[in-house]
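Novice: Got a predicted structure here, sequence first:
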Amino acid sequence: MTASRPHPDATANPGAIGANVVFVAAAAAMGGFLFGYDSSVINGAVTGIQHHFGISSATMGFIVAAALPGAAVGALAAGWLADRFGRTRVMQLSALLFAVSGVGSMFAFGDVDLTVWRFLGGIAIGQASVVAPAYIAEVAPPSYRGRLASFQQLAIVLGIAFSALVNYLIATAAGGSNEAEIGGLEAWRWMLGAEVVPALVYGAVAFLIPESPRYLIANGREDEARKVLAEVENDDPAHLDQRVDEIRKAMAGEVRSGPRDLLSHGRGVLLPIVWIGIGISALQQFVGINVIFYYSSLLWQQVGIDTSNSLLVSMISSVINIVGTVIAMSLVDKVGRKPLLLVGSTGMAVTLGLCAWMFTYVGGTQDDPSMPKVPGTVALVSANLYVLFYALSWGVVVWVLLGEMFPNRIRAIALSVAACAQWLANWLVTVSFPSLSEWSLAGAYGLYALAALVSIPFVRRLVRETKGRTLESMG
């Protein structure tokens, strides 16, 4: 079902961005909002869960990271599901899984079933992480595709910020603790259960947006595809026929892609473009960004900040994340993808290196940690500058690239594989951080700084600029 929206103004410039395409991109990006919310809401609940179930740091790491193998599964399945049933159907399924995961997590009986509910939510995250950028790239006019594809990352960081705000408000209502009860349930349970509200909103808007024109043409529904293009591209009828013909010709002779289509003929290894997609996905996680958003309350408590203030610091980081994302959205179609990646890599390498240095000054005991004022201030400022550099570069650009860098015939499944690699890398970083931080907080951040350093030559030599190119030209 498609919501009734005004037809494009016939006098609008061909290809000009209109309200319809903005609405469609923003609605699809709601999956990113839930992706950000679900993946980071655990941040405020970590200590409450750990104390309630009496579990070790290593076990807590597995619970926090449980969503990530689920996300890998969801990402792998999403490409096939999107090609078979359509992009919007996958969005609707993801919304249902998000809601079920939120309710299950809220009423978890123990650490085992909480892990299962986190895994289920991860499947929804993985599906949303694949289908939203692919869908937005397929409906957006080429000249605005980077900006509109950035909606996905903007929605992610808004979801992260919203979860930090919800956690802070719930903890404040519970007297500054995530273990105190509100209405007979511990505060941390309310934090996890609040996800149901945005999940229901996402499910509703997924029924209002049209199907991807490329999916429609691939399935012989050209009249429907023409109507969708008319809504989102503001073009005259003659040019719309040209666009449909262009897409049809690009897809002529193509069959639904499968795993074999990702292999080089004769050599049986993945195509170079697939390896590059996997590489940028993995590096996006190896720089350690999700340590900030999954564990920042625990991180700042480890250097002597109390629970309530550590949640406030997390909320500030989330706001900085939004600011950086808005900067990237304004620049990605003007300066291009590669320059932003290189600026971000350099900034992250420097700020992560500073964090690692400052964390060598952490003292006290594990139960009562402390840090001198000057190193603590430098670490806090560096960590937030790191978030800014990440947000204005890798946070946005990687999702834009993954939605547009692959040839049409393998786009959905190649994006699935790259997103799966991203979630596996995310899992490795997330599950290892509690143990790494107990070993050496400075050492953990040193490893993330090294990954940022490695990303510089990777981008310079291997990543191709895609600014302004049509999806059909990605060969």
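Specialist: That came in fine, so what should we check first? All values derive from a computational prediction rather than experimental measurement.
Novice: Now do stretch 160-172: everything it contacts.
Specialist: With contact meaning CB atoms under 8 Å, 6 or more residues apart in numbering, stretch 160-172 is reached by 33, 36-37, 39-41, 43-45, 177-178, 182, 187, 190-191, 194, 198, 293, 307-308, 311-312, 314-315, 317-319, 321-322. In short, each C-beta sits where N, CA and C put it, glycine included.
Novice: Among those, which lie within strands?
Specialist: Among those, DSSP state E puts residue 182 in strands.
Novice: Buried ones among the contacts of stretch 160-172?
Specialist: With burial judged by 16 or more other CB atoms under 10 Å, the buried subset of the contacts of stretch 160-172 is 33, 36-37, 39-41, 43-45, 177-178, 187, 190-191, 194, 198, 293, 307, 311-312, 314-315, 317-318, 321.
Novice: Report the mean confidence score over the lengthiest helix in the chain.
Specialist: Longest helix of the chain, by residue count under DSSP state H: helix 411-462. Helix 411-462 shows a mean pLDDT of 85.
Novice: helices and strands around it, which ones?
Specialist: Packed against helix 411-462 by the contact rule (3 or more CB pairs under 8 Å, 6 or more residues apart in numbering; DSSP states H and E) you find helix 57-65, helix 67-85, helix 111-139, helix 272-286, helix 289-302, helix 337-358, helix 394-404.
Novice: want to try TSV for the ones you listed, with distance to residue 330 and mean pLDDT as columns?
Specialist: Conversion of those to TSV gives the following (distance: least, CB to CB, whole Å; pLDDT from 0 to 100):
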stretch	distance to residue 330	mean pLDDT
helix 57-65	33	79
helix 67-85	28	83
helix 111-139	17	86
helix 272-286	21	90
helix 289-302	21	67
helix 337-358	11	93
helix 394-404	10	83
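Novice: Need the ones you listed in CSV (columns: distance to residue 326).
Specialist: Shown next, in CSV, are the helices and strands packed on helix 411-462 (distance: least, CB to CB, whole Å):
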stretch, distance to residue 326
helix 57-65, 28
helix 67-85, 25
helix 111-139, 17
helix 272-286, 19
helix 289-302, 17
helix 337-358, 13
helix 394-404, 10
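Novice: Out of those, the one nearest residue 226 is which?
Specialist: Within those, the stretch nearest residue 226 is helix 111-139; the backing value is 13.2 Å (CB to CB).
Novice: how far does the helix or strand following the closest one sit from the chain's center?
Specialist: Moving toward the C-terminus from helix 111-139, the next helix or strand (DSSP states H and E) is helix 145-173. The chain centre lies 10 Å from the centre of helix 145-173; the measure is CA atoms, centre = their mean, to the nearest Å.
Novice: Pull out the buried positions in helix 145-173.
Specialist: 145-168, 170-171.
Novice: do the same with stretch 342-353
Specialist: Within stretch 342-353, the residues scored as buried using 16+ other CB under 10 Å are 342, 344, 345, 346, 347, 348, 349, 350, 351, 352, 353.
Novice: how about the nearest residue to the last one, chain neighbours excluded?
Specialist: Pointing back at residue 353 there. residue 449 (4.4 Å; CB to CB, 6 or more residues apart in numbering).
Novice: Any idea how many residues pack against the one you found?
Specialist: 23 (other CB atoms under 10 Å).
Novice: contacting residues for it?
Specialist: 348, 349, 352, 353, 355, 356.
Novice: Please name the residues that touch the most centrally placed residue in the chain.
Specialist: Among the residues of the chain, the one closest to the centroid is residue 156, at 5.4 Å (CA atoms, centre = their mean). The contact partners of residue 156, taken as CB under 8 Å, 6+ apart, are 32, 33, 35, 36, 395.
Novice: Pull up the gap between it and residue 398, please.
Specialist: Here residue 156 is placed at a distance of 11 Å from residue 398 (CB to CB, to the nearest Å).
Novice: Check residue 347 too.
Specialist: To residue 398, residue 347 is 15 Å away according to CB to CB.
Novice: Assess the claim that residue 188 and residue 48 are in contact.
Specialist: Yes - applying CB atoms under 8 Å as the test, residue 188 and residue 48 come out as touching, 3.4 Å apart.
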